[in-house]
Each structure stands twice: as structure tokens, then as C-alpha cells.
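Trainee: Curious how this folds, go ahead:
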Amino acid sequence: MAQFFPHFEDFPLEEQIKALDDEELLDFWEETQHLDRFLEDDPEYIPEESLEYERIILQELRIRSCRRVGAAR
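Mentor: As a prediction, the model looks like this:
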């Protein structure tokens, strides 16, 4: 299973996500969605942080998709 290290400033989230294989990336995305639903009732919950995770994950999925299409040609 993939692991995320939120306190490693020298290893940003974007780089951690790039290191995941496709299945791990999809698992991570699914886990963030589940965690968001769970945390919505928490008064300290910051929805902007979850949107940033989602933006970065979707960006990486788009890049990978474009690479596959380009490689298939």
C-alpha cells in the first residue's frame, strides 16, 4: 500500500504522487475521498486542503493518460 509523508517538506506531495504506480494512485485518491467524507463533521476540517490533494491527483492522472495516448501512436 502507498504511504504519504505530510511532514517531508523536501519531498513535496507532487513528487510523492509521481512515485506511485497507477493502482496505488487510484487507491490514494479513493482514500482521500473517504477521509474527506469522514472529516466533514470535524470543526477543524479545512476543505481547501482536500481540494489541493484532488487537484494534484487529477493532474497526475491526466499526465499519465496523455503519455499512454502518445505512446500508443
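Trainee: Which parts of the protein are helices?
Mentor: Using DSSP state H, the helices of the chain run over 13-18, 22-39, 47-72.
Trainee: possible to save the ones you listed as TSV with mean pLDDT?
Mentor: Shown next, in TSV, are these (pLDDT from 0 to 100):
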stretch	mean pLDDT
helix 13-18	88
helix 22-39	88
helix 47-72	86
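Trainee: could you redo those as a markdown table and give each row mean neighbour count?
Mentor: To be clear about C-beta, it is placed using only N, CA and C from the backbone, and glycine gets the same treatment. Compiled in a markdown table, the helices of the chain are given as follows (neighbours: other CB atoms under 10 Å):
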| stretch | mean neighbour count |
| --- | --- |
| helix 13-18 | 14 |
| helix 22-39 | 14 |
| helix 47-72 | 12 |
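Trainee: contacting residues around the one residue sitting closest to the centre of the chain?
Mentor: By CA atoms, centre = their mean, the chain has its centre lying nearest to residue 57, at 3.7 Å. Residue 57 makes contact with 17, 25, 28-29, 32, according to CB atoms under 8 Å, 6 or more residues apart in numbering.
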